[in-house]
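Asks: Pasting the sequence and the predicted coordinates here, then a few questions.
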Amino acid sequence: MRATHHQSRTDHERPEDTAAGQHHWHNPRGAVLLHPCSGHFARCGRLVRADRLSGLCAAACAGDFHRLDHLRHPTKTPSRCLLHPEIQWSKKMTEITVNGMTCTSCATHVKDALEKIPGVNAAVVSYPESRAQVMADTAVSHNQLLAAIAALGYQGSIRVGDFKDEPKIRDALEGAGLHIAIIGSGGAAMAAALKAVEQGATVTLIERGTIGGTCVNIGCVPSKIMIRAAHIAHLRRESPFDGGIAATVPAIDRSKLLAQQQARVDELRHAKYEGILDGNPAITVLHGEARFKDDQSLVVRLNEGGEREVTFDRCLVATGASPAVPPIPGLKESPYWTSTEALVSDTIPARLAVIGSSVVALELAQAFARLGSQVTILARSTLFFREDPAIGEAVTAAFRAEGIEVLEHTQASQVAHVNGEFVLTTGHGELRADKLLVATGRAPNTRSLALDAAGVTVNAQGAIVIDQGMRTSNPNIYAAGDCTDQPQFVYVAAAAGTRAAINMTGGDAALNLTAMPAVVFTDPQVATVGYSEAEAHHDGIETDSRTLTLDNVPRALANFDTRGFIKLVIEEGSGRLIGVQAVAPEAGELIQTAVLAIRNRMTVQELADQLFPYLTMVEGLKLAAQTFNKDVKQLSCCAG
């Protein structure tokens, strides 16, 4: 059976099709006319899809359409459909128990192999459940399915099921009929929207502010541009080669730097967000603030005025997070900065106080110091107190060497702003500054969503509670990114959004953060992946470790900059690499090699045996691996 769309009356749409005596089935979205003799369409594979159906009408002899229990409604199809009898039901759903899968990659390989069989329409494979569900033509034999699985080294056994009772395989087949609402337009939202469309769904994306979310507009991109500009200013003022290259005091024109920064932000927002959305006919963008009306619909307060209701089959919440402000007396009444205001300031303050030791606090503190500010950091504990202690010690030493004052175990108990000056009261006396940056973390943007109306659970901090598949407590509502308790990195958000879209359209994907890299863009940079020693011991893993200082790394020696170290953590007994911590200039450029080593369960000896290019910072990983059984100080250059 096929649905033929008509924008206006045609010869197929006869008066008798709408005559009295039709069977009416109310549906609050539009009208579908069932042509006479359309048959038992409820048993056909691809069901009815129409825009804004307000009623479902069947002409005489339309068949037992009452058996239809699943309508799909994309938002961008013609509003009228005629159903014609063309094909009879010729599909079967087969469920297979698959033994031998050990990870989600195994499931992906099985899915790909099954879907390559001629006549197979779709396959959904779950590694945790050890099963595959296959929708195929009746001509496809069980032996064909089992042979495809056996060719991969797995064992399968058949169980035939009922397609109607299997929502995952049904969603996979009917992805083109799903309507997915996405709240937000940042990394998680964009990744989800594009993957959902790729899966055949239509998307309504709702954004209350600027398209692109935090990262491109007021986060990662502008901050890294500012950090890079500050790095250049620092090198002109001071470098290891001042003996042969005369140092100078650079003239800082913040307004020009800001214009350059904003131009690149605007360029990337248009190229990677606005332009992509505008060019995709399957995505509708609404500018406004969304809240849940119930578990199947949203109310959007449009920025241009008025409200619009959006119903959905699935919904993804990807609203991100905002700067958290601590309850310090006097703070809210003062003109303090968050990172948002700091990044768009067209002046560099003479004195800057920073409350907090978050990643944002440390990155911006050093950037402002290098652009000319006298910076003081108030840290409640120590820098990087959740990481290996050596990391915080190394960065603190680097900051103090640059003239940045780091006050550890110090909190402000009172903030006042008098005569254009901030006065902070601490346990060690008063601190005065021209500007105050508050960077104590970020809080999820969930308070205005009316999540309780949809039965979505949040934790004590307001973060949406999800499982590994990004599912919330409501099976039709998913969440990804900084509005959850996932690590607040844009690449994690994007990966979560992609997997959420796969799962919303009938797939089975999980987000594995075992080998998640993290980079802090201070100088020297901090890069980590996997376990620290303390984390491994907390999880009951016995470890061994080695730390290689950068005065043993040829690249660092050639740079005349040996600040930092590379530390490897291995599982005792097996020798498998389980963690890497690095403090080094451009440490972020070496950490992905460590990610791949951990992901592929390499031993430290296997890492040491690899070829690494000489005079690169990543060569430090090989040298660190060699320290488990050699004294690298006694090795010649390039010793393998």
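Replies: Perfect, thanks for sending it.
Asks: The residue nearest the centre of the chain and residue 430: what is the separation?
Replies: Note on the chain: the residue nearest the mean C-alpha position is residue 493, at 1.1 Å, using C-alpha atoms, centre = their mean. Distance, residue 493 to residue 430, using C-beta to C-beta, to the nearest Å: 40 Å. To be clear about C-beta, it is placed using only N, CA and C from the backbone, and glycine gets the same treatment.
Asks: Now do the SS call for residue 395.
Replies: Here residue 395 is recorded as helix under DSSP: H, G, I helix; E, B strand; the rest coil.
Asks: before we move on, back to that, phi and psi next, for the nearest residue to the residue nearest to the centre of the chain once chain neighbours are set aside.
Replies: Once flanking residues are discounted, residue 493 sits nearest to residue 481: 3.5 Å by C-beta to C-beta, 6 or more residues apart in numbering. Recorded main-chain torsions at residue 481 are phi 90, psi -160, according to degrees, to the nearest 10.
Asks: Hmm, residue 481 is touching residue 187, no?
Replies: Yes - using C-beta atoms under 8 Å, residue 481 makes contact with residue 187 at a distance of 6.5 Å.
Asks: Of these two, which one has the most company?
Replies: residue 481 (36 against 31; other C-beta atoms under 10 Å).
Asks: roughly how far apart are the more buried one and residue 358?
Replies: 18 Å.
Asks: same thing with residue 97?
Replies: 48 Å.
Asks: what does residue 336 give?
Replies: Counting by C-beta to C-beta, the gap from residue 336 to residue 358 is 15 Å.
Asks: Which per-residue confidence value corresponds to residue 102?
Replies: Here the pLDDT value assigned to residue 102 is 88.
Asks: Sorry, wrong one. I was asking about residue 59.
Replies: 38.
Asks: list residues touching both of residue 481 and residue 187?
Replies: The contact sets of residue 481 and residue 187 overlap at 493, 497 (C-beta atoms under 8 Å, 6 or more residues apart in numbering).
Asks: wait, residue 200 sits on residue 505?
Replies: Yes - assessed by C-beta under 8 Å, residue 200 is found in contact with residue 505 at 7.0 Å.
Asks: Comparing these two, which shows the higher neighbour count?
Replies: Between residue 200 and residue 505, residue 505 has the larger neighbour count (other C-beta under 10 Å), namely 24 against 19.
Asks: which non-adjacent residue is nearest the more buried one?
Replies: residue 199 (3.9 Å).
Asks: need the longest helix for this protein.
Replies: helix 220-237 (DSSP state H).
Asks: For that helix, list the C-alpha coordinates in CSV.
Replies: This file holds the C-alpha atoms of helix 220-237, laid out as CSV (Å, rounded to 0.1, in the frame of the first residue of the first chain):
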residue,chain,number,x,y,z
CYS,A,220,34.8,27.0,23.7
VAL,A,221,35.4,29.0,20.5
PRO,A,222,35.7,32.6,21.8
SER,A,223,37.6,31.5,24.9
LYS,A,224,40.2,29.6,22.9
ILE,A,225,40.6,32.5,20.5
MET,A,226,41.2,34.8,23.5
ILE,A,227,43.6,32.3,25.1
ARG,A,228,45.6,32.0,21.8
ALA,A,229,45.8,35.8,21.5
ALA,A,230,47.1,36.0,25.1
HIS,A,231,49.6,33.3,24.3
ILE,A,232,51.1,35.3,21.5
ALA,A,233,51.2,38.4,23.7
HIS,A,234,53.1,36.4,26.3
LEU,A,235,55.7,35.1,23.8
ARG,A,236,56.4,38.6,22.6
ARG,A,237,57.0,39.7,26.2
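Asks: just checking, next helix/strand downstream of that helix?
Replies: helix 254-269 (DSSP states H and E).
Asks: Give me the angle between that following helix and helix 220-237.
Replies: Between helix 254-269 and helix 220-237, the angle comes out at 140 degrees (axes from the mean of the first three to the mean of the last three C-alpha atoms, to 10 degrees).
Asks: Run through the neighbouring helices and strands of the helix or strand that helix 254-269 is followed by.
Replies: With elements assigned by DSSP H and E, the helix or strand that comes after helix 254-269 is helix 275-278. If you count contacts as 3 or more C-beta pairs under 8 Å, 6 or more residues apart in numbering; DSSP states H and E, helix 275-278 packs onto helix 187-198.
Asks: quick check: mean pLDDT across whichever helix or strand comes after the helix it packs on?
Replies: Toward the C-terminal end, the helix or strand that comes next after helix 187-198 (DSSP H and E) is strand 202-207. Across strand 202-207, the average pLDDT comes to 98.
Asks: Test of understanding: give the bridge partners of residue 204.
Replies: residue 181, residue 284 (DSSP bridges).
Asks: ok now do it, which residues does it touch?
Replies: Counted by C-beta under 8 Å, 6+ apart, residue 204 has contacts 75, 179-182, 283-286, 310, 312.
Asks: between those, which is nearest residue 426?
Replies: residue 182 (44.1 Å; C-beta to C-beta).
Asks: what does the model give the closest one for pLDDT?
Replies: 99.
Asks: Okay, domains of the protein per the record?
Replies: 2-84, 91-173, 176-212+265-322+444-504, 339-440, 518-634 (automatic domain parsing).
Asks: Residue 253 is nearest to which of the ones you listed?
Replies: domain 339-440 (9.7 Å).
Asks: can you list the weak-confidence ranges in the stretch 151-300 of the chain?
Replies: Applying pLDDT under 70 to the stretch 151-300 of the chain flags residues 160-176.
Asks: Tell me where the stretch 51-200 of the chain has helices.
Replies: Under the criterion DSSP state H, counting those that start in this stretch, the stretch 51-200 of the chain contains helices at 104-115, 142-150, 167-173, 187-198.
Asks: So which of those helices is the most surrounded?
Replies: Among the helices of the stretch 51-200 of the chain, helix 187-198 has the highest mean neighbour count (mean count of other C-beta atoms under 10 Å), at a mean of 26.
Asks: quick one: contacts of that helix?
Replies: In contact with helix 187-198 (C-beta under 8 Å, 6+ apart) are residues 178, 180, 182-183, 203, 205, 207, 213, 215, 272-273, 276-277, 280, 282-283, 316, 318, 320, 480-482, 490-491, 493-498, 500-502, 504-505.
Asks: Recalculate using a threshold of 7 Å.
Replies: 180, 182, 203, 205, 213, 215, 273, 280, 282-283, 316, 318, 480-481, 490, 493-494, 496-498, 500-502, 504-505 (C-beta atoms under 7 Å, 6 or more residues apart in numbering).
Asks: Would you list the buried entries among these?
Replies: Among the contacts of helix 187-198, the ones that count as buried by 16 or more other C-beta atoms under 10 Å are 180, 182, 203, 205, 213, 215, 273, 282-283, 316, 318, 480-481, 490, 493-494, 496-498, 500-502, 504-505.
Asks: So which of those sit within helices?
Replies: 213, 215, 490, 493-494, 496-498, 500-502, 504.
Asks: mind listing what residue 291 touches?
Replies: Contacts of residue 291 by C-beta under 7 Å, 6+ apart are 298-299, 448-450.
Asks: got it, and residue 265?
Replies: 216-217, 221-222.
Asks: List the beta-bridge partners for the nearest residue to residue 157 once chain neighbours are set aside.
Replies: For residue 157, ignoring the flanking residues on the chain, the nearest one in space by C-beta to C-beta, 6+ apart is residue 97 at 4.8 Å. Residue 97 has these beta-bridge partners by DSSP bridges: residue 131, residue 157.
Asks: measure residue 97 to residue 133 for me?
Replies: 11 Å.
Asks: Look at the two and report which has more neighbours.
Replies: residue 133 (25 against 13).
Asks: what about the residue nearest to residue 505, distance to residue 417?
Replies: Taking C-beta to C-beta, one finds residue 199 at 52 Å from residue 417.
Asks: Could you do residue 407 as well?
Replies: Applying C-beta to C-beta to residue 407 and residue 417 gives a distance of 20 Å.
Asks: and if you look at residue 586?
Replies: 39 Å.
Asks: swap in residue 149?
Replies: Distance from residue 149 to residue 417, by C-beta to C-beta: 69 Å.
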